[in-house]
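**Q** Below are the sequence and a predicted model; questions follow.
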Amino acid sequence: MQQIWIPKAGDPDVLELREAPDPTPAPGELRIRVAAAGINFADIMGRLGLYPDLPPMPVVVGYEVAGTVDAVGDGVDASWVGREVLGLCRFGGYSSLVCLPQIQVHALPEGMSLLEAAAIPVNYLTAYQLVEVMGGLKAHETMLVHSAGGGVGIAATQLAKRIGARVIGTASAGKHARLLEMGVDACIDYRTEDFELRVLELTDGRGVELILDAVGGKSFTKGFRALAPTGRLGMFGMSSLATGRSSKIGTLIRALSGMPLFAFNPLRLMNENKAVFGVNMGHLWDEAAMVNTWLDRLLEYYSDGAIRPQVDRSFTFDEAAAAHRYIQDRKNFGKVLLTP
């Protein structure tokens, strides 16, 4: 099989395509011949040496795959062989063959392509946890989503519009027309506009009830101020750390210096009737039953037509460095995939 390895922290060119022996499924596992693997910003952070959960390098990253089951281990019904599936991985997804426990594998609903399937697990589960589980978004409320043209941003927008909420999205100006077409009610150009001021203008000074922020740093502080009474700030990343091609300690210090270390004290939260929460799907591996319930619900949403993954581009395994650059330069509108 083929795998993409991160041998050391650095720019995208450190990624290496290597050959490895084909894995054999253990008892309770299915082996998936991968058609597509999802790229997530955590992979970029891992390559930069800024992701604390990354196993020691050299390492193969990747949290999600879609493909066809070609073998099963003891205890798994042989009828799985030949079925198209999506799967959640705890690293190792940048591989042409992946073995996963059966509980982490789901059959595709009718009509879903393998490329769409690879775009579902991480982005849509993250968005579901942010918007519905912890964000509690309601039809009469307004949500601000940063990086609205990214995979999580598009997923969150689709979930919010299914609920009937109003959506404000930040993105570069070139993405605004497409965002408006897909239902975003108002767009903010984060490069030229102060999103805090624009949010207050768009809401007549009230602020928004839910903010989804994977930028971090000063963005958290400004977002907290832009919350309406009963507003919730959902934090799920720190993309502000990945402003360069390789890891830089100065970037880390600047980003952390902008964190609202004193803004979220209990007394202030009580007095302002605001809430702050964090989401990290990578820390829910011991909650497989709960996550499976969320994923089943999302697959139902797909079957009902409420969500549709937006796949921006697919890169072959030998183009992995170009794929990482493409995401880090924020060129993507939707999901970016790797195909063996």
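**A** Sure thing, it's come through.

**Q** quick one: Tyr128 and Asp296 touch, right?
**A** No. Checked against CB atoms under 8 Å, the pair Tyr128 and Asp296 is beyond contact range at 11.0 Å. Every residue, glycine included, has its C-beta placed from N, CA and C.

**Q** between those two, who's got more neighbours?
**A** Tyr128 (24 against 11; other CB atoms under 10 Å).

**Q** Return the residues in contact with that one.
**A** Residues in contact with Tyr128, defined by CB atoms under 8 Å, 6 or more residues apart in numbering, are Ala155, Leu159, Trp294, Arg297, Leu298.

**Q** Output the host helix or strand of it as PDB - backbone C-alpha positions only.
**A** Using DSSP states H and E, Tyr128 falls within helix 121-128. What follows is the C-alpha trace of helix 121-128 in PDB, where atoms were taken according to Å, rounded to 0.1, in the frame of the first residue of the first chain:
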ATOM      1  CA  PRO A 121     -17.000  12.700   9.000                       C
ATOM      2  CA  VAL A 122     -14.700  15.400  10.500                       C
ATOM      3  CA  ASN A 123     -16.300  18.500   9.100                       C
ATOM      4  CA  TYR A 124     -19.900  17.600   9.600                       C
ATOM      5  CA  LEU A 125     -19.500  16.000  13.000                       C
ATOM      6  CA  THR A 126     -17.500  19.000  14.200                       C
ATOM      7  CA  ALA A 127     -20.200  21.300  12.800                       C
ATOM      8  CA  TYR A 128     -23.000  19.200  14.300                       C
END
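
**Q** Quick one: mean pLDDT over that helix.
**A** For helix 121-128, mean pLDDT is 98.

**Q** Tell me the helix or strand right after it.
**A** Sequence-wise, the next helix or strand downstream of helix 121-128 (DSSP H and E) is strand 142-145.

**Q** ok now that next one, how far from the chain's centre?
**A** In terms of CA atoms, centre = their mean, to the nearest Å, the centre of strand 142-145 is set 17 Å apart from its chain centre.

**Q** Run through the neighbouring helices and strands of it.
**A** Counting contacts by 3 or more CB pairs under 8 Å, 6 or more residues apart in numbering; DSSP states H and E, strand 142-145 is packed against helix 151-163, strand 166-171, strand 208-213.

**Q** Gly82: which of those is closest?
**A** The minimum distance between Gly82 and the helices and strands packed on strand 142-145 falls on helix 151-163, with 28.7 Å, by CB to CB.

**Q** Just want the angle from that closest one to strand 208-213.
**A** Direction vectors for helix 151-163 and strand 208-213, defined by axes from the mean of the first three to the mean of the last three CA atoms, to 10 degrees, enclose an angle of 160 degrees.

**Q** Map the structural domains onto the sequence of this structure.
**A** The domain map for the chain lists 2-120+309-339, 123-281, with the assignment taken from automatic domain parsing.

**Q** Dump those to CSV, plus distance to Ala288.
**A** Compiled in CSV, the domains of the chain are given as follows (distance: least, CB to CB, whole Å):
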stretch, distance to Ala288
domain 2-120+309-339, 5
domain 123-281, 12
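
**Q** Nearest to Ala289, out of the ones you listed?
**A** Judged by CB to CB, the one of the domains of the chain that comes nearest to Ala289 is domain 2-120+309-339, at 8.0 Å.

**Q** Between the two ends of that closest one, what distance do you get?
**A** End-to-end span of domain 2-120+309-339 (CA to CA, to the nearest Å): 11 Å.

**Q** Okay, now the unreliable bits of this structure?
**A** The model of the chain has pLDDT under 70 over residues 239-263.
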